[in-house]
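Chemist: kindly generate the corresponding structure for this input.
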Amino acid sequence: MTADPFSLTISSIALAISATTAWFTLRRGRLALARPLLVGFLFDLPAGEPKILFRASLYTTGKRGRIVESMYLKIRRGEYTHTFTFWGYGETTALVVGGGLHIGEDGVVHYHHFLPPRDGTDFQFVPGDYVIDVYATVVHRKTPVLLSSLALSLSESFSEALRDKSMAVLYNWEPDSRTYHPHTERAPSRGRDRSVSGSAYENPSTFR
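Modeler: Got it, this is the predicted structure:
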């Protein structure tokens, strides 16, 4: 008995749709970082360590998502490169040391705080053009993922302002000009040690 060609076609299409749906459901997808709308150069108080923070959404392109083991920054200025390896994230007072963060396709939005390692390396916010490369190490991936590269410029006057460690230079993304516009603000005076929260600030929403 010969099969009906129309029925075979319908069955083939249904099978293809089922396979495609299963593939989209099971795939982990790619980890990505939306452009940070706010980036800050400031200090972790009361210790006075240099800090870089930004607020942005992490998301994946797959249903199953990804688990971020850690995040870190490589800061390039001319021929100099510094790595900020300490990572904390969260909102208001609920800041935690980074690690094991599950990211799904809906994404999660946090403030991300980064500090240099305590290895004696001296980092200063000197004037110049900076490129900040944001990396993540991800479960089931052997190599780190470069999520974003941010280009920022620190003027002489803003660098001078940061000699006062209670000050912060904040960069807001301007969609029309597609550049970061910097300004200074005085940071909150209350802080926590990195071993507790990874953040100097009990209320980072001040920097929205």
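Chemist: which residues in the chain form helices?
Modeler: Remark: helices assigned in the chain by DSSP state H are 5-26, 156-161.
Chemist: you'd agree A151 is up against V131?
Modeler: Yes. Using C-beta atoms under 8 Å, A151 is in contact with V131, at 5.6 Å. For every residue, glycine as well, the C-beta is placed using N, CA and C.
Chemist: neighbour count winner among those two?
Modeler: Each of A151 and V131 has its neighbours counted (other C-beta atoms under 10 Å); V131 has more, 14 against 11.
Chemist: dump the residue contacts of the more buried one.
Modeler: The contact partners of V131, by C-beta atoms under 8 Å, 6 or more residues apart in numbering, come to 75-77, 149-152.
Chemist: same check, this time on R30
Modeler: Contacts for R30 (C-beta under 8 Å, 6+ apart) come out as 60-62.
Chemist: rewinding a little: and the helices of the chain, which one is worst for confidence?
Modeler: Of all the helices of the chain, the minimum mean pLDDT falls on helix 5-26 (a mean of 49).
Chemist: any stretches of this protein with poor pLDDT?
Modeler: Within the chain, the segments meeting pLDDT under 70 span 1-28, 91-95, 120, 188-208.
Chemist: where do the strands sit along it?
Modeler: Secondary structure of the chain (DSSP state E): strands at 31-33, 38-44, 49-60, 66-77, 80-84, 86-90, 96-97, 101-103, 108-115, 128-138, 145-154, 167-174, 179-186.
Chemist: redo those strands as JSON lines? Include distance to T121.
Modeler: Compiled in JSON lines, the strands of the chain are given as follows (distance: least, C-beta to C-beta, whole Å):
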{"stretch": "strand 31-33", "distance to T121": "25"}
{"stretch": "strand 38-44", "distance to T121": "15"}
{"stretch": "strand 49-60", "distance to T121": "10"}
{"stretch": "strand 66-77", "distance to T121": "11"}
{"stretch": "strand 80-84", "distance to T121": "7"}
{"stretch": "strand 86-90", "distance to T121": "12"}
{"stretch": "strand 96-97", "distance to T121": "20"}
{"stretch": "strand 101-103", "distance to T121": "26"}
{"stretch": "strand 108-115", "distance to T121": "11"}
{"stretch": "strand 128-138", "distance to T121": "16"}
{"stretch": "strand 145-154", "distance to T121": "19"}
{"stretch": "strand 167-174", "distance to T121": "21"}
{"stretch": "strand 179-186", "distance to T121": "25"}
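Chemist: if we can go back for a sec, which one among the contacts of V131 gets closest to R118?
Modeler: Set against R118, the nearest of these by C-beta to C-beta is I75 (16.6 Å).
Chemist: number of residues surrounding the closest residue to the closest one other than its chain neighbours?
Modeler: With sequence-adjacent residues excluded and distances taken as C-beta to C-beta, 6 or more residues apart in numbering, I75 is closest to H82, at 4.7 Å. Using other C-beta under 10 Å, H82 has 18 neighbouring residues.
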